[in-house]
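Trainee: Only the shape, not the letters, is given here:
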C-alpha cells in the first residue's frame with residue numbers, strides 16, 4: 001500500500017469522526033470518498049462515520065470495480081459521476097445533515113440555486129447549489145444529472161436526500177459541507193423574512209479577490 005493510500009485512508013477516518021461528532025452524520029448515514037491515483041477509497045456500506053477502520057475501507061478502480069476492502073456504500077454511482085464531471089475534485093462528502101436535507105425537501109426552493117448569497121463564505125466556499133431531481137439512493141439514474149451538474153458546481157443538493165460536496169482536498173470538502181449546513185440553517189431560520197443578499201458587484205469582488213472555483 002502506497003504512502004498516499006495510507007494517508008487517504010487515515011484522512012477519511014479522521015474527518016468521518018469529526019462529521020459524526022458534530023452531528024452531521026447520525027447513525028450509519030452519509031458516505032465519503034477520496035481519489036487516490038487511479039483508485040477511489042470509499043466508506044463501506046452501512047458504516048458509521050464515527051467508527052471507521054482504515055483497513056476496512058473499500059478500494060475501487062475508477063470504473064467502480066472492487067479491488068479491496070469491505071463492500072462499498074451503495075452510493076458509489078453518485079461518487080463516480082461527480083469525479084467524472086469534476087476532474088479537479090479529490091474528495092467527496094455526502095451527508096444527510098438536518099438543515100441541508102430540510103432545504104432539499106422544500107417544494108418551492110429554486111432548482112438552480114438553493115442557497116441565496118447571504119454570506120461571503122457561502123459564496124466563496126460553495127457558489128450556486130442546484131437541487132437535482134429525486135432518485136432512489138444507490139440508483140444509477142442519479143449519475144447523469146450529477147455528472148452534468150458537477151462540471152459547473154462544487155456541490156449539489158439531492159432532492160429529499162441531502163448534500164454532495166466536493167473539494168480539492170478532504171479538508172476543503174468537509175469545511176464546505178459544514179458551510180452548506182450552516183447556510184441552510186440560516187436560510188431556514190430567516191424564511192419569510194426580508195434578507196439583504198450580496199449583490200452582483202460584491203460577488204464579483206469576491207471572485208476577483210479569491211478566484212472562486
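Mentor: Ah, there it is. These figures come from a predicted structure and were not determined experimentally.

Trainee: Quick check: chain neighbours aside, which residue is closest to residue 111?
Mentor: Nearest residue to residue 111, sequence neighbours excluded (Cβ to Cβ, 6 or more residues apart in numbering): residue 131, at 4.9 Å. No exception for glycine: its C-beta is placed from N, CA and C like everyone else's.

Trainee: again with residue 37
Mentor: Here the residue nearest residue 37, using Cβ to Cβ, 6+ apart, is residue 4, at 6.5 Å.

Trainee: where's the one you found, which helix or strand?
Mentor: Per DSSP states H and E: residue 4 is located in helix 3-21.

Trainee: Against which helices or strands is the next helix or strand after that helix packed?
Mentor: Moving toward the C-terminus from helix 3-21, the next helix or strand (DSSP H and E) is strand 31-36. The helices and strands touching strand 31-36, judged by 3 or more Cβ pairs under 8 Å, 6 or more residues apart in numbering; DSSP states H and E, are helix 3-21, strand 39-42, helix 76-85, strand 91-94.

Trainee: In TSV: the ones you listed, plus mean pLDDT and distance to residue 144.
Mentor: Putting the helices and strands packed on strand 31-36 into TSV (pLDDT from 0 to 100; distance: least, Cβ to Cβ, whole Å) gives the following:
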stretch	mean pLDDT	distance to residue 144
helix 3-21	95	27
strand 39-42	97	19
helix 76-85	97	7
strand 91-94	98	17
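
Trainee: any chance of those in CSV, plus mean neighbour count and distance to residue 145?
Mentor: Conversion of those to CSV gives the following (neighbours: other Cβ atoms under 10 Å; distance: least, Cβ to Cβ, whole Å):
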stretch, mean neighbour count, distance to residue 145
helix 3-21, 18, 25
strand 39-42, 24, 20
helix 76-85, 22, 8
strand 91-94, 28, 15
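
Trainee: Out of those, which is closest to residue 113?
Mentor: helix 76-85 (17.6 Å; Cβ to Cβ).

Trainee: and the angle for the closest one with strand 31-36?
Mentor: Angle of helix 76-85 versus strand 31-36, following axes from the mean of the first three to the mean of the last three Cα atoms, to 10 degrees, is 40 degrees.

Trainee: Now do helix 76-85: distance to the chain's middle.
Mentor: 11 Å (Cα atoms, centre = their mean, to the nearest Å).
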